[in-house]
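Student: turn this into a model:
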Amino acid sequence: MKLVVYFSAEGTTAKVAKDLAAEIGAEVFEIVPEVPYSKADIRWINPVARCNREKFGKKEVPSVGKVENFAEYDEVYLGFPIWYGGAPNVVNTFCKGYDWKGKKLTVFATSGGSGIGKTAEKLSPYVPGAEIVKAVLVKTAADVLK
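Tutor: Residues are numbered from 1 along each chain as shown. I've put the predicted structure just below:
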């Protein structure tokens, strides 16, 4: 079974994730932070914005809800906007709550200007046992499947 999991701050990643799920016949799960982000929270050019405090303080960012029957999925597609060359902390915290052993993981990220860089390497400690098949920067669902 296939699962598309995503976090989207402004809707860009959500569109890609939903289109991807429809294309591959996957279930969808949205990572929603317990405390939603405001526009000011994700304004990274403000040094005291929430996203900066979380990233540089290496803070756990809990999310609401859980993926039911996570063990049943053998392929997981994980999408998020790139923040500081990696996944937002809410994604890392989410990933720590699951057993990734034996999962094939495709990472897809959206960005206004960053490349994919070492995103997969930075995510690895949060998904132990997963085989990261690929990590790609995308604009559309089709980009994930290339």
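Student: now for the lengthiest helix in the chain, which elements pack on it?
Tutor: Taking DSSP state H as the criterion, the chain has its longest helix at helix 12-24. In this structure, helix 12-24 packs against strand 2-6, strand 27-30, strand 75-81, strand 104-110, helix 141-145, with contacts taken as 3 or more Cβ pairs under 8 Å, 6 or more residues apart in numbering; DSSP states H and E. Placement of C-beta: from N, CA and C, glycine included.
Student: go through these and find the least confident stretch.
Tutor: Between the helices and strands packed on helix 12-24, the one with the least mean pLDDT is helix 141-145; it has a mean of 94.
Student: now do that one: everything it contacts.
Tutor: Contacts of helix 141-145 with the rest of the structure, by Cβ atoms under 8 Å, 6 or more residues apart in numbering, involve 16-17, 19-20, 22-24, 77, 79, 106, 108, 136-138.
Student: buried stuff in it?
Tutor: Neighbour counts using 16 or more other Cβ atoms under 10 Å place A141, V144 of helix 141-145 among the buried residues.
Student: using PDB, write out every CA atom in that helix.
Tutor: Written as PDB, here are the backbone C-alpha positions of helix 141-145 (Å, rounded to 0.1, in the frame of the first residue of the first chain):
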ATOM      1  CA  ALA A 141       3.200  15.700  -8.900                       C
ATOM      2  CA  ALA A 142       4.700  14.600 -12.300                       C
ATOM      3  CA  ASP A 143       8.100  15.800 -11.000                       C
ATOM      4  CA  VAL A 144       7.900  13.200  -8.200                       C
ATOM      5  CA  LEU A 145       7.300  10.400 -10.700                       C
END
